[in-house]
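*Asks:* Model the structure of this input:
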Amino acid sequence: MASSQIGILVPLNKNLEKEKSLPEFPISEGDNVIGRNNVPVTDKRLSRKHLILSASSGGSTDLRVEGMNPVVINSGDQRKLLNSGEKVTFRNGDILELIPGSHYFKYEILSNQRNPGAVSKRSEDVSECTNVGDGRKRAREDLNAGASTEQSTLPHGIGRKLKENIDNVSVESKKQNLSVSGNSEEAIRHFHVSDDVLPLTFRLMKVQGLPEWANTSCVSIDNVIEGDVLVAVLSNYMVDIDWLLSACPMLKKVPQVLVVHGESDGTADYMKRNKPSNWILHKPPLPIAYGTHHSKAMLLVYPRGVRVIVHTANLINVDWNNKSQGLWMQDFPWKDQNEASKGCPFESDLIDYLQALKLPEFTANFPALGRLKIDASFFKKFNYGNAAVRLIASVPGYHSGSNLKKWGHMKLRSILEQCTFDDEFKKSPLIYQFSSLGSLDEKWMTELRTSLSSGLSADKSALGLGEPRIIWPTVEDVRWSLEGYAAGNAVPSPIKNVEKEFLKKYWAKWKATHTGRCRAMPHIKTFVRYNGQNIAWFLLTSSNLSKAAWGALQKNNSQLMIRSYELGVLFLPTVVKNGFGFSCTKDKSSCKDTSGSMANSRNRKIKLVSLTWPGRDDHDDSNSEVVPLPVPYELPPKLYSSQDVPWSWERQYRQKDVYGQVWPRQV
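*Replies:* Numbering: from 1, shown residues only. Take a look at the predicted model:
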């Protein structure tokens, strides 16, 4: 559809003089997409849809940032930084920096369009409407607009097939109330999770400052700590008690709260002085030097049952608001009295882990049961038979004999060894993604790789070793992040650890365009085996890449030494026997019938996929339930280029970040 030209973007050099070697960019009435595909500059920081200029015939133009890197508008003597999702009125003569300090363009409105008395700002509602609409329609429009230019950048050539597959994806998603779109652009926009099947997947946490679409189906702390909680066990490494009570004031009403933490003496003393009187603090024993209590979990006991939550965020403000984080949860009912002796692998793993914490005993009152003692054994009173995941925990100690495969990477190895995976995962690659890098050596990397490569194919032969990739932010990622260099505080690693020569072949980029999190630095920890957009298994965990977290074999592989407490949940292509309709907080008729809405899907195998999965092909098992996991980063990841430098918080960085700061910050 033809539209009249409103103005032009004139390229400038750094002296703000016209750059004659570059063409001018016409601005037409309506929405003009400015980005990597149509601006005559080469810069990996530019998104394909970096910003939108919405121009009207009256001469008014609105600018909205769509990409994950900020832009700068120079208007008169004002210089304004705009982050993703922010917008401003763009006036005649304003100068745009597509990346702060780079790629200057001057906006010139054509003379017949100028009307100084009629510069009006669009209403918020109208501007927002440019970003909403039916998911399938938007996916088709994106494909039509970019079919010729973007196919090569879509994983595994899905650009060619996506248009024909997108309806199939929609049909599949309706079967299990989990929706996923094969469109790689803004894919999380189409990720919607029904409560009935929530435990089959995990969710990302909300990030402040991102566009609304990037927080689709994401959670904040008050989404998970809710309802009539009688007892709360909050397990974490760092705890800001003032922030916690302000972010989740309902905790003040919980009769009994146990905080299991890893804080230092000074912070622990502050917590003791400022905690509510009914709160109990506990720091688990650390028998081996340099260990920490690092697990991040919650156990919330309700009149109806218990909610188990495993996540990746410290109980501090920046972790719940500024970082890429993940969270899994599932509700379990109380056991019937005649089921008291029945258990399952999930229960055994949970109770063993809680016993290792040496929790202090206390009592709590339950309306139907009276006063009960709360300790590790108390949590045997719940029915975990419908657990959708397996627990992978670490506890400090020297583990041998029957305990050799009980914790750490040996626990993961033992579970994977019992699993059968599709043949496509033979020798398929591995992802190690985390936020703190320990002191590693090649021998231990082989040890970990062996555990994570375990598993059988359909013919019962071993899957074989996978090639690992380490996803780790570069210096530029941190510099341009939502927090600037300050984000590097939560990506700790000394220079001696990141500069080991043998690691160079592993480094891969943190690229999270499809979830809108390129600039939300990762504190999430994930370990994955995958092929394309299909996932063999996925681990969401508190474990970073370190011997302290995963354990190291000793004494001719007869002993596993672990320093720290860790906890994670493992998603597997298991068989769905029941649904997940039970809820501790919602008064549903299905609360005693755990078959939920998936009753017709009994004994169907789970197929794990990423958000950018293109849909079924001729080789897929049509009897499987497709479960999308919101893997926040791109699969497969891109390797570092020769210009990329892995972030280390010990280096000095003199190039200023998005807030004009250097590193270390000058005070």
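*Asks:* And stretch 232-244, what's buried?
*Replies:* 232-241, 243-244 (16 or more other Cβ atoms under 10 Å). Yep, even glycine has a C-beta here, placed from its N, CA and C like the rest.
*Asks:* same question, stretch 315-335
*Replies:* In stretch 315-335, counting by 16+ other Cβ under 10 Å, buried: 315-316, 318-335.
*Asks:* Report the mean confidence score over it.
*Replies:* The pLDDT scores in stretch 315-335 average 96.
*Asks:* what about the strands in the stretch 151-300 of the chain?
*Replies:* Ranges of strands in the stretch 151-300 of the chain, per DSSP state E, counting those that start in this stretch, are 178-179, 192-193, 203-204, 231-235, 256-260, 279-282, 297-301.
*Asks:* Check the stretch 1-150 of the chain too.
*Replies:* 5-12, 25-28, 30-34, 51-55, 61-65, 71-75, 78-82, 87-90, 95-99, 102-109.
*Asks:* Pull the distance from the last one to the chain's centre.
*Replies:* Right, strand 102-109. Put simply, strand 102-109 sits 35 Å off its chain's centre (Cα atoms, centre = their mean, to the nearest Å).
*Asks:* With the fifth one instead?
*Replies:* Taking the mean C-alpha point of strand 61-65 and that of its whole chain, the gap between them comes to 28 Å (Cα atoms, centre = their mean).
*Asks:* Stretch 319-337 too?
*Replies:* Worked out by Cα atoms, centre = their mean, stretch 319-337 lies 14 Å from the chain centre.
*Asks:* Export it to PDB, keeping only CA atoms.
*Replies:* Taking Å, rounded to 0.1, in the frame of the first residue of the first chain, the C-alpha atoms of stretch 319-337 are listed here in PDB:
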ATOM      1  CA  ASP A 319      17.700 -10.600  41.100                       C
ATOM      2  CA  TRP A 320      13.900 -10.400  41.000                       C
ATOM      3  CA  ASN A 321      13.700  -7.300  38.800                       C
ATOM      4  CA  ASN A 322      16.800  -6.900  36.500                       C
ATOM      5  CA  LYS A 323      18.100 -10.400  35.600                       C
ATOM      6  CA  SER A 324      17.200 -13.300  33.400                       C
ATOM      7  CA  GLN A 325      15.900 -15.900  35.900                       C
ATOM      8  CA  GLY A 326      13.900 -19.100  35.900                       C
ATOM      9  CA  LEU A 327      11.300 -20.600  38.200                       C
ATOM     10  CA  TRP A 328       9.500 -24.000  38.400                       C
ATOM     11  CA  MET A 329       6.700 -24.900  40.800                       C
ATOM     12  CA  GLN A 330       4.200 -27.600  41.500                       C
ATOM     13  CA  ASP A 331       1.500 -28.200  44.100                       C
ATOM     14  CA  PHE A 332       1.100 -31.500  45.900                       C
ATOM     15  CA  PRO A 333      -1.900 -32.700  48.100                       C
ATOM     16  CA  TRP A 334      -1.700 -34.200  51.500                       C
ATOM     17  CA  LYS A 335      -1.500 -38.000  51.500                       C
ATOM     18  CA  ASP A 336      -4.500 -40.000  52.600                       C
ATOM     19  CA  GLN A 337      -3.800 -41.700  56.000                       C
END
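*Asks:* need the strands of the stretch 151-300 of the chain in a markdown table with distance to Glu19, can you?
*Replies:* As requested, the strands of the stretch 151-300 of the chain are exported to a markdown table (distance: least, Cβ to Cβ, whole Å):
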| stretch | distance to Glu19 |
| --- | --- |
| strand 178-179 | 45 |
| strand 192-193 | 45 |
| strand 203-204 | 40 |
| strand 231-235 | 56 |
| strand 256-260 | 58 |
| strand 279-282 | 62 |
| strand 297-301 | 55 |
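*Asks:* Tabulate those in CSV, adding columns for mean pLDDT and distance to Pro100.
*Replies:* Formatted as CSV, the strands of the stretch 151-300 of the chain follow (pLDDT from 0 to 100; distance: least, Cβ to Cβ, whole Å):
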stretch, mean pLDDT, distance to Pro100
strand 178-179, 66, 36
strand 192-193, 87, 35
strand 203-204, 98, 27
strand 231-235, 98, 39
strand 256-260, 98, 41
strand 279-282, 98, 44
strand 297-301, 98, 39
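*Asks:* Quick check: which of these is nearest to Gln533?
*Replies:* strand 178-179 (14.8 Å; Cβ to Cβ).
*Asks:* returning to what we had before: for Gln418, find the nearest of the strands of the stretch 151-300 of the chain.
*Replies:* strand 297-301 (24.3 Å).
*Asks:* how far off strand 256-260 does that closest one point, in degrees?
*Replies:* Here strand 297-301 runs at an angle of 160 degrees relative to strand 256-260 (axes from the mean of the first three to the mean of the last three Cα atoms, to 10 degrees).
*Asks:* before we move on, the earlier item: so of the buried residues of stretch 315-335, which ones are in helices?
*Replies:* 318-321 (DSSP state H).
*Asks:* So in that sheet, which strands flank the helix or strand where Leu372 lies, and in what orientation?
*Replies:* Take DSSP states H and E as the rule and Leu372 turns out to sit in strand 370-374. When pairs are called by DSSP bridges, strand 370-374 turns out to pair with strand 362-366 (antiparallel).
*Asks:* quick one: average pLDDT of the strand it pairs with?
*Replies:* pLDDT averaged over strand 362-366 gives 96.
*Asks:* Now do it: distance to the chain's middle.
*Replies:* On Cα atoms, centre = their mean, the centre of strand 362-366 falls 35 Å from the chain's centre.
*Asks:* Buried residues in that strand, which are they?
*Replies:* Of the residues in strand 362-366, those buried (16+ other Cβ under 10 Å) are Ala364.
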